[in-house]
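*Asks:* coords please:
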Amino acid sequence: MVGDNMVGDNMAKLKFDPRFIINLLICLGGIALFILFLIWPLHISISRTDKEIDRVKSRIEEQKILYPAYCDLLKMIKQKVPRGVFTKNSAKPLQYDPEEITLLIQEIAAGNNLEVRSIIQDVGSLIDDAGYLIIDASVAGAFKDFRNFLVQIGGMRYANYMEELQIKESGDGGGLLLGFKIRVSGKKVG
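*Replies:* Residues are numbered from 1 along each chain as shown. Here you go, the predicted structure:
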């Protein structure tokens, strides 16, 4: 019990020096300022960098997914289009049958998974006796099917000139709409 009495006496004799408290507060303030001005901005910078890394990783994954499609499109672009798809200088038959041309366009469209929306013969070119017939047609379908369709249209023995070509979205959301005008030289049968 003598030892317990000594501890109590020592506690009573222990006084807090105001300079000690001031020095303690200054040290704690220095540590707080160190954390506030050095560690916190670094933490914010690291979190921004992590977000940027995640964004770049997602873009890389997107590019990995799109690369095969890019390669396929690049191959399609590099394929040579036969000469004369849009303009032909070869000799054409002197006579043509408008019904046969219409049926041929429908067959070519069906063979390329395209739906014929309209085939209209320009009556004005027939009346003027200009020596050619203009056919205005439109087909709907997927973009990838248009190339082969146009190559086959250009290969028709009647068509010698592609006057107009338009591609736009189909109104029903079912792909694209390809509109074109071809010129047929010669004289109408009958």
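*Asks:* what about residue 181, neighbour count?
*Replies:* If you count neighbours by other Cβ atoms under 10 Å, residue 181 ends up with 16. Any C-beta I mention is one placed from the backbone N, CA and C, and that applies to glycine too.
*Asks:* Begin at 6, not 1, for the rest of this chat.
*Replies:* Will do, 6 is the new start, and the previous item becomes residue 186.
*Asks:* That one contacts residue 166, correct?
*Replies:* No - taking contacts as Cβ atoms under 8 Å, residue 186 lies outside contact range of residue 166: 9.1 Å.
*Asks:* ok, which stretches of the protein are strands?
*Replies:* Taking DSSP state E as the criterion, the chain carries its strands at 100-101, 120-126, 137-146, 164-174, 181-190, 192-193.
*Asks:* Residue 168: neighbouring residues, count only.
*Replies:* Here the number of neighbours of residue 168 (other Cβ under 10 Å) works out to 13.
*Asks:* follow-up on the earlier one: nearest to residue 39, of the strands of the chain?
*Replies:* The closest approach between residue 39 and any of the strands of the chain, judged by Cβ to Cβ, belongs to strand 164-174 at 61.0 Å.
*Asks:* name the helices or strands packed onto that closest one?
*Replies:* In terms of contacts (3 or more Cβ pairs under 8 Å, 6 or more residues apart in numbering; DSSP states H and E), strand 164-174 is packed against helix 148-159, strand 181-190.
*Asks:* can you redo the strands of the chain as a markdown table with mean pLDDT?
*Replies:* Listed next are the strands of the chain as a markdown table, based on pLDDT from 0 to 100:
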| stretch | mean pLDDT |
| --- | --- |
| strand 100-101 | 66 |
| strand 120-126 | 89 |
| strand 137-146 | 86 |
| strand 164-174 | 80 |
| strand 181-190 | 82 |
| strand 192-193 | 64 |
